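Q: sequence first, then the predicted structure, then my questions.
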Amino acid sequence: MNPITEIHYLRHCSADNAFQWLESRRFVLESFHQHPKFFTGQPKASLEVLYHRDDPLIRLGIALYGHNTDILSLTFQNALECDSDPLICACLESPSVESVFPFFIGRIDEWEPIKILISKPHAMYAIVENDWIPDELIARIIKREGVFEDLEDELHLELIKRLKNNASFLGSLDYVYDKNLYPGSSPWYGARDAFYDILERIPVTEASALAVAPVIAELVQINPSYVRVRYDDSKGHKLLSRWDILEDKEYVLPMMKTMLALLYLPKNQALLKDKDDSLREAFYRGFEPYEFGYDFEEYIDSSDPIAFNLVFNRSLWRHSDTREKMLQIAEDAQSEDVYELTQQINTKRAISEEYENKYPEWFKPDKAANEEARELRAILSKIAELSDELKERFDEAESSISNELYTSGEQVREKITSASENLVEEIESIKYQLEVLQDTVNVVKAKAMMTKKGLFG
């Protein structure tokens with residue numbers, strides 16, 4: 001559709017069709033692979049036509065999917081004037097959310113609308129959960145700086161908790177900001193450092209623990225390379241002591257100890273052998289097989305009921321070999337209590353379904369590996385068959401020779417000679433077939449090795 005025809009269409013089409021037009025031209029990271037500020041999928045002239053139709057559904061479409069700074073800013077101002085919470089939240093959920101803030105975030109305190117947003121919890125939720133919000137704004141919210149200084153405690157903790165839904169904060173979108181990041185670096189270091197700092201300052205309460213623990217759990221799974229550079233035994237044990245005053249010793253304290261250990265303590269033998277269940281749980285949830293060893297089934301005690309927590313270790317789900325080992329250990333470690341066992345089975349199923357939906361590539365069968373396995377199984381089967389045949393021939397020869405001992409000496413010699421010659425021929429034939437099979441095995445192994453290195457097939 002040429003631009004003139006498109007504008008004419010958008011001026012007269014139904015609101016539903018206009019909304020669908022906006023949705024079909026929305027920013028999709030999986031297709032664009034860049035920061036949305038570089039997205040140019042919608043002509044400004046087309047958006048202007050839609051904006052001036054002054055239709056609530058079309059305005060909502062612009063707020064959610066519009067990608068023009070001027071038009072989105074106008075839409076946000078209109079939402080504030082109308083005091084339309086749905087439209088305000090839609091603007092704040094937009095990938096082009098930076099268009100909503102008309103100046104440098106460092107001057108956010110001077111921006112009158114921010115005071116309105118602070119009074120609207122759902123608007124604040126939309127801000128902290130938006131992957132494309134400037135990280136400096138998130139850092140100021142976490143630290144309660146400037147205009148955010150008077151955030152109510154309950155709202156502040158809820159905003160912190162909702163950071164577990166922000167992909168940029170967790171680190172899974174680092175590649176969009178900078179493809180040359182070295183391990184441990186991040187364009188969102190300001191917001192993350194602010195989060196780590198509050199672990200030392202936030203009031204030690206159950207409400208605080210329940211807010212920060214889910215964020216830590218996601219951080220250590222999504223971006224383990226960033227977390228690993230923060231390992232600090234001294235600081236970790238200092239924080240463990242700080243939070244040790246929590247009154248709920250049955251659930252909240254163990255959970256918090258596990259999260260702090262995940263964040264600060266190295267996953268080593270000392271942690272694995274610790275007598276504290278909470279610290280061992282941190283090992284199971286956080287160790288990396290490529291660092292600690294892929295033969296982890298040999299050094300993890302499956303009789304330890306805490307070992308079931310391996311199912312929460314995201315790294316072990318990525319590959320079929322580590323996944324199978326992990327699931328077997330988790331099954332061996334399952335509780336004998338019917339109620340707890342049911343919970344564990346449901347947990348394992350839920351995690352598996354979540355990862356299969358989110359990361360289907362982890363569960364795709366390795367065609368090369370499967371082909372290799374089939375060929376090797378066929379070869380081993382043939383070797384077993386030939387071995388049985390060889391044994392059978394020896395047994396027949398031995399039996400035949402024994403029977404002939406009752407005949408004349410000359411006949412015995414002739415029979416023995418003939419049987420020996422036949423047996424030698426059969427043995428040589430079988431040896432040749434075994435050598436051919438061995439060559440085939442070597443070819444299959446070489447092919448598999450080249451496939452793994454990306455050199456073949």
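A: Arrived safely.
Q: what ranges do the helices span in the stretch 151-300 of the chain?
A: For the stretch 151-300 of the chain, helices defined by DSSP state H, counting those that start in this stretch occupy the ranges 153-161, 167-170, 174-177, 189-201, 206-222, 224-228, 233-242, 252-264, 269-272, 277-286, 289-292.
Q: and the helix or strand harbouring Gln20, which residues are buried?
A: Of the helices and strands defined by DSSP states H and E, Gln20 is found in helix 15-24. Neighbour-count burial for helix 15-24, counted by 16 or more other CB atoms under 10 Å, picks out Ala15, Ala18, Phe19, Trp21, Leu22. Backbone N, C-alpha and C define where each C-beta goes, glycine included.
Q: report how many residues lie close to Gly293.
A: Neighbour count of Gly293, defined by other CB atoms under 10 Å: 12.
Q: and the closest residue to it other than its chain neighbours, how far from Glu98?
A: Distances taken as CB to CB, 6 or more residues apart in numbering place Tyr299 nearest to Gly293, at 7.1 Å, with adjacent residues excluded. Applying CB to CB, to the nearest Å, the value for Tyr299 to Glu98 is 49 Å.
Q: when these two are compared, which one has more neighbours?
A: Glu98 (19 against 11).
Q: from His156, how far out is the closest residue in space to Glu154 that isn't next to it in sequence?
A: Spatial nearest neighbour of Glu154, chain neighbours left out: Ala207 (7.7 Å); criterion: CB to CB, 6+ apart. Ala207 is 10 Å from His156, where distance means CB to CB.
Q: check Ile7 too.
A: Distance from Ile7 to His156, counting by CB to CB: 46 Å.
Q: likewise Lys164?
A: Distance of Lys164 to His156, given as CB to CB: 15 Å.
Q: show me what contacts the closest residue to Arg144 other than its chain neighbours?
A: Distances taken as CB to CB, 6+ apart place Leu151 nearest to Arg144, at 5.7 Å, with adjacent residues excluded. By CB atoms under 8 Å, 6 or more residues apart in numbering, Leu151 lies in contact with Ile118, Ile141, Arg144, Leu159.
Q: pretty sure the last one is touching Arg140, no?
A: Read that as Leu159. No: counting by CB atoms under 8 Å, Leu159 stays clear of Arg140, with 11.3 Å between them.
Q: point out where the stretch 251-400 of the chain drops to low pLDDT.
A: Per-residue confidence for the stretch 251-400 of the chain (pLDDT under 70) gives these ranges: 366-388, 391, 394, 397-400.
Q: still on that earlier bit, the helix holding Gln20 - what's its average pLDDT?
A: Regarding helix 15-24, the rounded mean pLDDT is 94.
Q: now do the buried residues in the helix or strand that comes right after it.
A: Per DSSP H and E, the first helix or strand lying C-terminal to helix 15-24 is helix 29-32. Of all the residues in helix 29-32, those buried under the rule 16+ other CB under 10 Å are Leu29.
Q: export helix 29-32 to CSV, keeping only CA atoms.
A: What follows is helix 29-32 as a C-alpha-only set of coordinates in CSV (Å, rounded to 0.1, in the frame of the first residue of the first chain):
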residue,chain,number,x,y,z
LEU,A,29,12.4,-7.5,19.4
GLU,A,30,12.7,-11.1,18.0
SER,A,31,12.3,-9.6,14.5
PHE,A,32,14.2,-6.3,14.9
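Q: ok, and what's touching that helix?
A: With contact meaning CB under 8 Å, 6+ apart, helix 29-32 is reached by Pro36, Phe38, Phe39, Leu173, Val176.
Q: got these as JSON lines, with pLDDT columns?
A: Converted to JSON lines, the contacts of helix 29-32 look like this (pLDDT from 0 to 100):
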{"residue": "Pro36", "pLDDT": "76"}
{"residue": "Phe38", "pLDDT": "71"}
{"residue": "Phe39", "pLDDT": "74"}
{"residue": "Leu173", "pLDDT": "76"}
{"residue": "Val176", "pLDDT": "68"}
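Q: give the residue spans of the stretch 101-250 of the chain that score low on pLDDT.
A: Residues of the stretch 101-250 of the chain meeting the criterion pLDDT under 70: 102-106, 174-187, 223-230.
Q: mind redoing it with 50?
A: For the stretch 101-250 of the chain, applying pLDDT under 50 flags the ranges 181-185.
Q: re the thing from before, of Ile7 and His156, who's got more company?
A: His156 (20 against 17).
Q: and that one, how close does it get to Gln269?
A: In terms of CB to CB, His156 sits 39 Å off from Gln269.
Q: can you check Ser352 too?
A: From Ser352 to Gln269 the distance is 29 Å (CB to CB).
Q: out of the two, which sits in the busier spot?
A: Ser352 (15 against 10).
Q: next, the buried residues of the one helix or strand that one maps to.
A: Per DSSP H and E: Ser352 is located in helix 338-358. By 16+ other CB under 10 Å, the buried positions in helix 338-358 come out as Gln344, Lys348, Tyr355.
Q: let me have those in CSV, extended by distance to Gly61.
A: Output for the buried residues of helix 338-358, formatted as CSV (distance: CB to CB, whole Å):
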residue, distance to Gly61
Gln344, 44
Lys348, 41
Tyr355, 33
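Q: which one of these is nearest to Tyr189?
A: Tyr189 has its nearest neighbour among these in Tyr355, at 27.6 Å by CB to CB.
Q: OK, contacts around the closest one?
A: Counting by CB under 8 Å, 6+ apart, Tyr355 touches Arg314, Trp317, Trp362, Phe363.
Q: CA atoms only for stretch 38-56, dumped as CSV, please.
A: Extracted C-alpha coordinates of stretch 38-56, given in CSV (Å, rounded to 0.1, in the frame of the first residue of the first chain):
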residue,chain,number,x,y,z
PHE,A,38,16.0,2.7,16.3
PHE,A,39,12.7,1.3,15.1
THR,A,40,11.1,3.1,12.1
GLY,A,41,8.2,0.9,11.2
GLN,A,42,5.5,3.6,11.3
PRO,A,43,5.4,6.8,9.2
LYS,A,44,4.7,9.9,11.4
ALA,A,45,2.1,11.1,8.9
SER,A,46,0.1,7.9,9.3
LEU,A,47,0.2,8.2,13.1
GLU,A,48,-0.9,11.8,13.0
VAL,A,49,-4.0,10.9,11.0
LEU,A,50,-4.9,8.3,13.6
TYR,A,51,-4.2,10.5,16.5
HIS,A,52,-6.5,13.3,15.2
ARG,A,53,-9.4,10.9,14.8
ASP,A,54,-9.6,11.2,18.6
ASP,A,55,-11.0,7.7,19.1
PRO,A,56,-10.4,6.0,22.5
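Q: give me the angle between the helix or strand hosting Ile138 and helix 189-201.
A: Per DSSP H and E: Ile138 is located in helix 135-143. Angle of helix 135-143 versus helix 189-201, following axes from the mean of the first three to the mean of the last three CA atoms, to 10 degrees, is 10 degrees.
Q: list the contacts of helix 135-143.
A: With CB under 8 Å, 6+ apart as the criterion, helix 135-143 contacts 101, 105-106, 108, 124, 127-128, 145-146, 148, 151, 156, 159-160, 163, 166, 168-169, 187-188, 190-191, 193-195, 197-198.
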